[in-house]
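Engineer: build me a structure from this.
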Amino acid sequence: MLVALAVQYLRPLPAVAAAPVLGGSLLVGKAPVIPWPVKGQAALVVEGLGQVGASGGAAPAPMASTAKVMTALLTLEAHPLAAGQQGPVLTVTRADVATFIAERNLNESVVPVSAGEQLTEYQLLEGLLLPSGSNFADILANWTSGTVPAFVNQMNARAAALGMTATHFADPSGFSPLTVSIPADLIKLAEVAMRQPAFAAVVAEKEATLPVAGVIRNLDTLLGQDGIIGIKTGHTDQAGGCFLMAADLTVDGQPVRLYGAVLGQPNQLPGAFAVISSLLRSLTPALHFRTVSPRGEVVGRYQAAWGEAGTIVTASSTAWLLEDGMVVTRQVTLTPMATTQPAGSRVGTLVLESPGHRANVPLVTAAAIDGPDLGWRLTRGF
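Structural biologist: I've put the predicted structure just below:
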């Protein structure tokens, strides 16, 4: 009899059966209606979320003076400026004056200069980016690379390094219709340029004063509206209205940066500004920080043959920046459970995914599993 009881007691215990009760997809909010432009191209990117939309296809189109963002970036990478620094002083030459006159005669956007005028690097960037001086693009190109053609080669090499696969530069200013890009590529460029303190400081200025030109004003008339902090306008007959911008938003009390770009808009800059404003005002209310899985959320349940049952829960909370209408996928993987284990024991993983986000959330037992008592061990099967 004792032998039989011993055998009964020592029989292997059946596995604890566990199954998920959560999975599939979670639709977060109602998707906003975004008024993408009928003509031209547009794209919006939210940092930490990625591209939230685009329109107009992916055929490269003239980018006009948005090209000057690359000119500024290469200048600053070759001649770094810390916040508040003016940098080296350059002297305007007779050749620079001749370039100014020639480009003015072509109806390019230029800034007046005179031979012998002295301009700091920072002032040259102001003249390049605020009133969009094409002649300043040439001055910076020659200073940085020795010649304009050498600088253009450097522009294309940098674009390739940034993954701007649909972009080609034919000149430092963007006046050439052969200088082409797409909004998504320009946003990649903007994200890198805005990491340069001097660049971010210049594009945030509404005006500046230069020795010969006097007061120069930023062509970005949306600066300071809807959170916009820059970056660069552009317009030619071939390119239409172009605008590459960054905006700092507050979403549910937290800072969020958004980038947008439009190319080929009718009515030149007013058309580009109208599109950007409409896009921003439609998207911003649809951005929220949402808890996609709270701590302690019941993800699974278990049942033991001896009657013990309980829940499997998330060990941590997961909150993401999301656009309304996005889908979060949820996949639960459970591992074999021990017949006895303390509360909080790791028993699986919840994988959460949505555009721009992925998280592996640990799953744990909500309560201890004590295992069967002596009576159940000795009487099971009878």
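Engineer: need the helices for the stretch 201-350 of the chain, in chain order.
Structural biologist: With helices called from DSSP state H, counting those that start in this stretch, the stretch 201-350 of the chain shows them at 268-283.
Engineer: what does the pLDDT read for the most centrally placed residue in the chain?
Structural biologist: For the chain, residue 47 is the residue whose C-alpha lies nearest the centre (Cα atoms, centre = their mean; 3.1 Å). Here the pLDDT value assigned to residue 47 is 94.
Engineer: ok, it touching residue 254?
Structural biologist: No: the pair residue 47 and residue 254 fails to qualify as a contact (Cβ atoms under 8 Å) at a distance of 11.6 Å. Yep, even glycine has a C-beta here, placed from its N, CA and C like the rest.
Engineer: so who does residue 243 touch?
Structural biologist: Residue 243 sits next to 66, 220, 222, 232-234, 260-262, 265, 269, 272-273, 275-276 when contact means Cβ atoms under 8 Å, 6 or more residues apart in numbering.
Engineer: can you check residue 134 too?
Structural biologist: Residue 134 sits next to 65, 103, 108-110, 172-173, 175 when contact means Cβ under 8 Å, 6+ apart.
Engineer: measure it to residue 88 for me?
Structural biologist: As for residue 134, its distance to residue 88 is 21 Å (criterion: Cβ to Cβ, to the nearest Å).
Engineer: same question, residue 356
Structural biologist: Distance from residue 356 to residue 88, counting by Cβ to Cβ: 40 Å.
Engineer: when those two are compared, which one has more neighbours?
Structural biologist: When neighbours are counted by other Cβ atoms under 10 Å, residue 356 comes out ahead of the other of residue 356 and residue 88, with 18 against 13.
Engineer: now the helices for the stretch 51-200 of the chain?
Structural biologist: Counting by DSSP H, counting those that start in this stretch, the stretch 51-200 of the chain has helices at residues 68-78, 94-105, 121-129, 134-145, 148-161, 183-193, 197-203.
Engineer: and residue 88, what is it in contact with?
Structural biologist: With contact set as Cβ under 8 Å, 6+ apart, residue 88 has these partners: 79, 120-121.
Engineer: drop anything exposed from these.
Structural biologist: The neighbour count (16 or more other Cβ atoms under 10 Å) marks 120-121 as buried among those.
Engineer: got the contacts of residue 88 as CSV, with distance to residue 130 and pLDDT columns?
Structural biologist: Rendered in CSV, the data for the contacts of residue 88 read as follows (distance: Cβ to Cβ, whole Å; pLDDT from 0 to 100):
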residue, distance to residue 130, pLDDT
79, 19, 98
120, 15, 98
121, 15, 98
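Engineer: ok, now how distant is the residue nearest to the centre of the chain from residue 190?
Structural biologist: Counting by Cβ to Cβ, the gap from residue 47 to residue 190 is 11 Å.
Engineer: can you list residues touching both of the two?
Structural biologist: Shared contacts of residue 47 and residue 190, defined by Cβ under 8 Å, 6+ apart, are found at residue 259.
Engineer: hang on, residue 42 packs against residue 262?
Structural biologist: Yes: using Cβ under 8 Å, residue 42 and residue 262 qualify as a contacting pair, with a distance of 4.5 Å.
Engineer: neighbour count: these two, which is higher?
Structural biologist: Neighbours per residue, other Cβ under 10 Å: of residue 42 and residue 262, the larger number sits with residue 262, 32 against 27.
Engineer: can you tell me how far that one is from residue 228?
Structural biologist: When distance is defined by Cβ to Cβ, residue 262 is 13 Å away from residue 228.
Engineer: and if you look at residue 239?
Structural biologist: Separation of residue 239 from residue 228 (Cβ to Cβ): 21 Å.
Engineer: residue 164 too?
Structural biologist: The spacing between residue 164 and residue 228, counted by Cβ to Cβ, is 23 Å.
Engineer: can you check residue 150 too?
Structural biologist: As for residue 150, its distance to residue 228 is 34 Å (criterion: Cβ to Cβ).
Engineer: what residues are up against residue 241?
Structural biologist: Applying Cβ under 8 Å, 6+ apart, the residues contacting residue 241 are 40, 234-235, 262, 264-273.
Engineer: no wait, residue 58
Structural biologist: Residue 58 makes contact with 166, 182, 184 under the criterion Cβ under 8 Å, 6+ apart.
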